[in-house]
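Engineer: sharing a sequence plus its predicted fold:
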Amino acid sequence: MSESTTAATTGPAGTAGESGAGSATGRGRRARVRVRPPRRAAARTVAAVAAAGLLLLALPFYLDRFWLQAGLLAMAAAIGAIGLNLLTGATGQLSLGHSFFLAVGAYGYCVLAGDRDGELTGLGLPGWLAVTGAVAMAGAAGGLFSPIAGRLRGAYLGIATLALVFIGQHVLLNAHDLTGGYNGRPVPPLSLFGITFDDTETVVAAVPFQSMEKLWYAGLALLTVCAFFAHGVLRDRPGRALNAIRDHRIAAGVMGVPVARQRAGVFVLSSMYAGLAGVLLALVFQQTVPEYFGIVLALEYLAMIVIGGLGSVSGAVTGAVFVTLLPQILTRYSEALPLVSAPGTGGVAPGEMSRYLYGAAIVAIVLFLPGGLVRLAARRGHTQKDEA
């Protein structure tokens, strides 16, 4: 506080004015304490995001194929989990059919981008057009179901969407000309801007880039765009409308929010996210198998958003990384871990152990940390601000 302000406050007597000056100075100090830490926290957040971005860009130069594939699976899962979090976390609509829309995206890309090979149907479209068409097909499938999604809620919608998984499994196993039946069908490599995302080597900085390295940057770009778009939706008027529907459905309708239309729209958007995730999964696996797109995958996506944090983009990404990488890590180091062993050797298989662990994580988070892992990070941030 300046001397002129202090003199004006104290007055000539310097008695009661001194207490006023002290209180004013205290208020000024408290104001500075309140303003500066958020700025420092914001600067730290920007620095952390920039460092994480640089690290992700550099990882293909150092990681082997196993970890690159695991990271790509986590990216694909994160895209799908963001879409499901828009539906379940932000709007409160339970969906157990997310794996159906992933299958639509994966097989849609195969049909659109593949060439006719014997009994398999293929249109041979360019890669970018095939990806766009596969996402549009998933959105169209969600649009066909959206009238039901706009009128049902809670367990009723969950049971209705569960039927999609069984319908999808029946179609995938019996539409041999489109899906290849039980054995699936090969995934044609993506060609974009003159780059083919296959195992033909492309040398960058004396490092040979193959399919996983190329797909890494494509997946990272897709995840970034999807995350920023969902973050904008949640922070703007549509997000406030979705949260109002989730918390007070009748009150939202009274205030003029078209509840059924908003529910149907977010269901379509969530389906498109799932379709894009299915395309990326197909490109990573290079073979589509109907068994993968079953009820277990749908439950894993629910586990992702609960563990990471409902209604949050960062929570969806965190939960997807946790649920996807856990079985990969257990598989990689199964020989060094107790109770975990290869299938058929007498111990617990890595995939089964991972389900036990993230099942226990769901129980622990529901009981002790309802906001998910992202809430734990937020609490640490608030503690650091208070200490500052």
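Structural biologist: Good, I have the coordinates.
Engineer: any buried residues in stretch 225-235, and which?
Structural biologist: Cys226, Ala227, Ala230, Val233, Leu234 (16 or more other Cβ atoms under 10 Å). All C-beta atoms are positioned from the backbone trio N, CA, C, and that covers glycine.
Engineer: what's the answer for stretch 125-143, then?
Structural biologist: For stretch 125-143, by 16+ other Cβ under 10 Å, it's 125, 127, 130-143.
Engineer: then that stretch to PDB, C-alphas only?
Structural biologist: C-alpha atoms of stretch 125-143 as PDB (Å, rounded to 0.1, in the frame of the first residue of the first chain):
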ATOM      1  CA  LEU A 125     -12.200 -45.800 -50.900                       C
ATOM      2  CA  PRO A 126      -9.400 -43.500 -50.000                       C
ATOM      3  CA  GLY A 127      -8.200 -43.700 -46.400                       C
ATOM      4  CA  TRP A 128      -9.500 -40.300 -45.200                       C
ATOM      5  CA  LEU A 129     -12.900 -40.900 -46.800                       C
ATOM      6  CA  ALA A 130     -13.100 -44.400 -45.300                       C
ATOM      7  CA  VAL A 131     -12.300 -43.000 -41.800                       C
ATOM      8  CA  THR A 132     -14.900 -40.200 -42.200                       C
ATOM      9  CA  GLY A 133     -17.500 -42.700 -43.500                       C
ATOM     10  CA  ALA A 134     -16.900 -45.100 -40.700                       C
ATOM     11  CA  VAL A 135     -17.400 -42.400 -38.100                       C
ATOM     12  CA  ALA A 136     -20.500 -41.300 -39.900                       C
ATOM     13  CA  MET A 137     -21.800 -44.800 -40.000                       C
ATOM     14  CA  ALA A 138     -21.400 -45.000 -36.200                       C
ATOM     15  CA  GLY A 139     -23.100 -41.700 -35.800                       C
ATOM     16  CA  ALA A 140     -26.000 -42.900 -38.100                       C
ATOM     17  CA  ALA A 141     -26.300 -46.100 -36.000                       C
ATOM     18  CA  GLY A 142     -26.500 -43.900 -32.900                       C
ATOM     19  CA  GLY A 143     -29.000 -41.700 -34.700                       C
END
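Engineer: contacts for that stretch?
Structural biologist: Outside stretch 125-143, the residues within contact range by Cβ atoms under 8 Å, 6 or more residues apart in numbering are 100-101, 104-106, 108-109, 112-113, 123, 149, 190-192, 264, 267-272, 274-276, 278-279.
Engineer: please redo it, this time with the cut-off set to 7 Å
Structural biologist: 101, 104-105, 108-109, 112-113, 190-192, 267-268, 270-272, 274-276, 279 (Cβ atoms under 7 Å, 6 or more residues apart in numbering).
Engineer: now the strands for the stretch 51-200 of the chain?
Structural biologist: 185-186, 191-192, 195-196 (DSSP state E, counting those that start in this stretch).
Engineer: where does pLDDT dip in the chain?
Structural biologist: For the chain, the stretches with pLDDT under 70 are 1-42, 205, 342-346, 377-388.
Engineer: list the residues that contact the most centrally placed residue in it.
Structural biologist: For the chain, Ala78 is the residue whose C-alpha lies nearest the centre (Cα atoms, centre = their mean; 2.9 Å). Applying Cβ under 7 Å, 6+ apart to Ala78 gives the contacts Leu223, Ala316, Val317, Ala320, Val321.
Engineer: for the buried residues of stretch 125-143, which two are the farthest from each other?
Structural biologist: Gly127 and Gly143 (24.3 Å; Cβ to Cβ).
Engineer: relative to Arg151, how far out is the closest residue to Ile148 other than its chain neighbours?
Structural biologist: Spatial nearest neighbour of Ile148, excluding adjacent residues (Cβ to Cβ, 6 or more residues apart in numbering): Ala160 at 5.7 Å. To Arg151, Ala160 is 10 Å away according to Cβ to Cβ, to the nearest Å.
Engineer: next, count neighbours for the closest residue to Ala155 other than its chain neighbours.
Structural biologist: Leaving aside its sequence neighbours, Ala155 sits nearest to Leu94 (Cβ to Cβ, 6+ apart; 6.7 Å). By the criterion of other Cβ atoms under 10 Å, Leu94 has 19 neighbours.
Engineer: hmm, Ile159 and Leu94 touching each other?
Structural biologist: No - using Cβ atoms under 7 Å, Leu94 is not in contact with Ile159, being 9.1 Å away.
Engineer: and the residue nearest to Phe293 when sequence neighbours are not counted, what does it touch?
Structural biologist: Distances taken as Cβ to Cβ, 6+ apart place Ala103 nearest to Phe293, at 3.8 Å, with adjacent residues excluded. Neighbouring residues of Ala103 by Cβ under 7 Å, 6+ apart: Gly168, Leu172, Gly278, Phe293.
Engineer: hmm, which of the residues you listed are the buried ones?
Structural biologist: Buried among those by 16+ other Cβ under 10 Å: Gly168, Leu172, Gly278, Phe293.
Engineer: Pro338 is in what secondary structure piece?
Structural biologist: When secondary structure is defined by DSSP states H and E, Pro338 falls outside every helix and strand.
Engineer: sorry, wrong one. I was asking about Pro208.
Structural biologist: strand 207-209.
Engineer: list the buried ones in that strand?
Structural biologist: Phe209.
Engineer: could you do stretch 173-186 as well?
Structural biologist: By 16+ other Cβ under 10 Å, the buried positions in stretch 173-186 come out as Leu178, Thr179, Gly180, Gly181, Gly184, Arg185.
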